[in-house]
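Colleague: Structure for the following, please:
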Amino acid sequence: MDARTLVDEWASAYNDQDLDRFGALFTDDVTYTLKAFGLAFTGRDAWVGHVREYAAAVPDRKLTVRRTIADGDVIAVEYDFAGTSAGILPNLPPKGEPVTATFCTILHLRGGQAASQTDYLGG
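Modeller: As a prediction, this is how the structure comes out:
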């Protein structure tokens, strides 16, 4: 799978809330890091479990990919995140308030799947 196809599938599965399809894009031993929030997970089940929890907290969330850059087995994805808080996580706005952010995600691939995802949070 080429970089553009993988990123399209990654965003589509996330936006469709098809977390089984989303999880299949990652290796069993995937590592995830978002230092801005002190988050780190190892393993597909832990990573997808976190995404599932966040999906409940922002049920209408959508990613809008702005740019994808690939170099060998590394893909950088710049995207906007937008949705509405369900009010169930203390680090998010109150229920009904918007949740928006810009991210840069770095995916390292192994065998056609993402072996790591590192997220950097923008404004």
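
Colleague: check contacts around Gly23.
Modeller: Applying Cβ atoms under 8 Å, 6 or more residues apart in numbering, we find Gly23 in contact with Arg44, Trp47, Val48. All C-beta atoms are positioned from the backbone trio N, CA, C, and that covers glycine.

Colleague: how close does it sit to Leu63?
Modeller: 16 Å (Cβ to Cβ, to the nearest Å).

Colleague: residue ranges with poor pLDDT in the chain?
Modeller: 123 (pLDDT under 70).

Colleague: what's the single longest strand in it?
Modeller: Longest strand in the chain, counting residues (DSSP state E): strand 98-110.

Colleague: Let me know the angle separating the helix or strand following that strand from strand 98-110.
Modeller: Once the chain leaves strand 98-110, the next helix or strand it forms, by DSSP states H and E, is strand 113-121. Per axes from the mean of the first three to the mean of the last three Cα atoms, to 10 degrees, the angle that strand 113-121 makes with strand 98-110 is 140 degrees.

Colleague: can you map out the helices along this structure?
Modeller: If DSSP state H is used as the criterion, the helices of the chain fall at 3-15, 19-23, 44-57.

Colleague: Now Arg52: closest residue in space that isn't a chain neighbour?
Modeller: Excluding its sequence neighbours, the residue lying closest to Arg52 (Cβ to Cβ, 6 or more residues apart in numbering) is Leu19, at 5.6 Å.

Colleague: quick one: contacts for the one you found?
Modeller: Ala13, Val48, Val51, Arg52, Ala55.

Colleague: redo that, cut-off 7 Å
Modeller: Val48, Val51, Arg52 (Cβ atoms under 7 Å, 6 or more residues apart in numbering).
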